[in-house]
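>>> Dropping a prediction and its sequence here:
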Amino acid sequence: MKNSRLIKILKSFSREEIKAFEKFLRSPFFNCPKFVLRLFLILKKHYPEFKEKNISGEKLFQKLYGGRKFNGLLLRRMFSDLIRLSEEFMRYSNFKQNKTFQDVCLLNELSKRDLDRILLLKYNAITKEIESDPVSDPNSLHFQFLIHTEMKNSRTNLRDDLMNKSYTESIDAVSVLYLRILFFYISHIITFHTEKKYISKIAVEFYNHFNKSGFINGVDSFGEKYSVYLKMINYILLIIEDKNDADSFNSLKKLLRTNSKRFSRYERISCFAVMLRFCSYQNLKYNNLFSVESFEIYTTILNEKLFLEYSPFLQLSFCRNYIIRCISLRKLNNVKKFIREYNEYFSQEYKKHLNYYCRSLISFEEKKFERSLSFISKFELDNAVFKKDLRILKIKIFYELNYPDSLFSESDSFRHFISSNITIEPAIKNKTKNFIKYAAALSKLKDIHSKNDLLILKNKIENDNKVSEKKWLLDKIKEQLRIKNLKRYKLQV
């Protein structure tokens, strides 16, 4: 019984929801059979653990019917009834929290009952509320379409000005909603261009024949209500279509800053996600050209807790990218603050290992190399990108500690790991392999008194835009050159 659908549903309920569900079952309005209520009251005593030994079929049946012979079919029917009622409760709870659909359903009922005067009063109150809220997003647009459509349908028999006005309002809202969905969908299939199994031919065909430039050039004439929103979805598409379109990136950045009250939290995080992909591409291709911009976006998302629009937990990839960006900008205090202040938003699946990851990077930057190695050894999360980061870190540590044998051994093993891994992008693989090559070459030159060879290696790395940890490699070469110059000076003296 522990893994039954009913137990999984009840486990998902908070303590307040368990209490509310009991009231729901006791209400005569929902017509819950008494024996089903009794089953719930027995199960409730074992919330939230629901240990198998306490809720086995035989034990539940015995508590319900005493010494009566066990009837598995009867118990399954009771479970089925309670599942149905729990689903009805969740449906009711969701509806109760959703004012949008409450209003739409109320207008629909008023219309069906020919309560036109009350309908008009309610419609005017709702539209006044809509007009006072400058925010546009898919939910608000859908809501406007439904509300105005209800009024249009109720006035169709009169064919008056209000019918025409509400009809126009509903069409405007649904048109903007469709364009928002279409442009973001086209952005999605461009981003995930290798996935061709599921593509909407209707959307692609419409987009290919749509005069996008002519339409966007005229958005200012549509009025303030939708023009800013349409510009936003256009900039998103331009950024996705051209990964080097820095003008559209900056225009979107300015639009979000100067019209912040016009975009919901959901739209802001959607825009930031696209902007971060743009920054990631630029940083990968042009040696961290957009490091500061990406750091600022990550910081905004964290400060405003916009990530909660997607999930109660931070995405692991988001955590990793933010941490790496902080490290690259030497903002160690930001990483420490991140661990301290956002720990509650780390999923249990990765919380412990993310802490090890952060502490290993911080310890390295603080030149506590042995401590960094100890944190790396504790990291056991099965994630190729994180493993790649930490293996790069190990090579750097072995270089700093002057352990050439360990460095060469790790380099060889790491090279095989990168070559055989199918989840790491080819461009990142290439940059990592070049790092391994240059780090090994640098280590070999460490104890050789050849300034010339170091300068040749320095020139190669400077001209190579496809190498990870470029700054660290060049810093280590400069460090060796200073040491060799100092030794030569001492010998001359």
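Structure received. Numbering: from 1, shown residues only.
>>> Tell me which residues touch S411, please.
S411 sits next to 395, 436, 439-440 when contact means C-beta atoms under 8 Å, 6 or more residues apart in numbering. Bear in mind the C-beta positions are built from the backbone N, C-alpha and C, glycine included.
>>> Just the pLDDT at it, thanks.
According to the prediction, S411 has pLDDT 96.
>>> Kindly provide the distance from it to N288.
Computed as C-beta to C-beta, to the nearest Å, the S411 to N288 distance reads 24 Å.
>>> hmm, back to that, of the contacts of S411, which belong to helices?
Cross-referencing the contacts of S411 against helices under DSSP state H gives 395, 436, 439-440.
>>> Could you export those residues as JSON lines, including neighbour count, pLDDT and distance to F24?
Listed next are these as JSON lines, based on neighbours: other C-beta atoms under 10 Å; pLDDT from 0 to 100; distance: C-beta to C-beta, whole Å:
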{"residue": "I395", "neighbour count": "21", "pLDDT": "97", "distance to F24": "60"}
{"residue": "I436", "neighbour count": "21", "pLDDT": "96", "distance to F24": "61"}
{"residue": "A439", "neighbour count": "26", "pLDDT": "96", "distance to F24": "64"}
{"residue": "A440", "neighbour count": "18", "pLDDT": "94", "distance to F24": "67"}
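>>> Tell me the one of these nearest N157?
Closest to N157 out of the ones in helices among the contacts of S411 is I436 (76.4 Å), distances taken as C-beta to C-beta.
>>> before we move on, what SS does N465 have?
Assigned with DSSP: H, G, I helix; E, B strand; the rest coil, N465 falls in the coil class.
>>> And the closest residue to it other than its chain neighbours, which helix or strand is it part of?
Excluding the flanking residues, the one nearest N465 by C-beta to C-beta, 6 or more residues apart in numbering is N287, at 6.0 Å. Under DSSP states H and E, no helix or strand contains N287.
>>> when you give positions from now on, start the count at 2
Sure thing, new numbering starts at 2, so read that last one as N288.
>>> how far away is N288 from E206?
Here N288 is placed at a distance of 40 Å from E206 (C-beta to C-beta).
>>> now swap in R483 and tell me
From R483 to E206 the distance is 63 Å (C-beta to C-beta).
>>> who's in contact with R326?
Neighbour list for R326: 292, 295-296, 299 [criterion: C-beta under 8 Å, 6+ apart].
>>> Please flag which of these sit within helices.
Here DSSP H is the test, and the contacts of R326 give 292, 295-296, 299 as lying in helices.
>>> Show me which of N288 and E206 is the more surrounded one.
N288 (14 against 10; other C-beta atoms under 10 Å).
>>> Could you check the pLDDT of the more buried one?
78.
>>> In this structure it contacts K471, no?
Yes: here N288 reaches K471: they are 6.4 Å apart, a contact under C-beta atoms under 8 Å.
>>> And the helix or strand where K232 lies, what's buried?
Using DSSP H and E, K232 falls within helix 225-242. Under the neighbour-count criterion of 16 or more other C-beta atoms under 10 Å, helix 225-242 has 227, 229-241 buried.
>>> which among these gets closest to L333?
Distances from L333 to these, taken by C-beta to C-beta, are shortest for I240, at 31.1 Å.
>>> and which of the contacts of R326 is nearest to S137?
The closest of the contacts of R326 to S137 turns out to be Y299 (C-beta to C-beta; 25.2 Å).
>>> Checking the residue lying closest to the closest one once chain neighbours are set aside next. Helix, strand or coil?
In space, and not counting its chain neighbours, Y299 is closest to Y323: 4.4 Å by C-beta to C-beta, 6+ apart. At Y323 the chain is in helix, as set by three-state DSSP.
>>> for Y323, what are its contacts?
Y323 touches 299, 303, 339, counting by C-beta under 8 Å, 6+ apart.
>>> List the buried residues for stretch 158-176?
164, 167-168, 170-171, 173-175.
>>> do you know how far the residue lying closest to D138 once chain neighbours are set aside is from E17?
Residue nearest to D138 in three dimensions, not counting chain neighbours: S265, with 4.0 Å by C-beta to C-beta, 6+ apart. S265 sits 27 Å away from E17, going by C-beta to C-beta.
>>> Neighbour count: those two, which is higher?
Taking neighbours as other C-beta under 10 Å, S265 and E17 compare with S265 leading, 17 against 8.
>>> Name the next helix or strand downstream of the strand or helix carrying L11, please.
Using DSSP H and E, L11 falls within helix 6-13. Per DSSP H and E, helix 6-13 leads on to helix 16-27 as the next helix or strand towards the C-terminus.
>>> Identify all contacting residues around that following helix.
Contacts for helix 16-27 (C-beta under 8 Å, 6+ apart): 11, 14, 31, 33, 37-38, 41-42, 45, 48, 86-87, 90, 93-94.
>>> got the residue ranges for the helices in the stretch 252-401 of the chain?
Remark: helices assigned in the stretch 252-401 of the chain by DSSP state H, counting those that start in this stretch are 266-286, 292-304, 317-329, 333-342, 352-366, 370-379, 385-401.
>>> scratch that, the stretch 52-201 of the chain is what I was asking about
For the stretch 52-201 of the chain, the helices defined by DSSP H, counting those that start in this stretch occupy 58-66, 73-98, 100-113, 117-133, 139-156, 162-192.
>>> isn't L394 right up against I363?
No: with contact defined as C-beta under 8 Å, L394 does not count as touching I363 (11.1 Å).
>>> hmm, back to that, take the contacts of S412 and lay them out in JSON lines including distance to S252.
What follows is the contacts of S412, written out as JSON lines (distance: C-beta to C-beta, whole Å):
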{"residue": "I396", "distance to S252": "41"}
{"residue": "I437", "distance to S252": "40"}
{"residue": "A440", "distance to S252": "40"}
{"residue": "A441", "distance to S252": "45"}
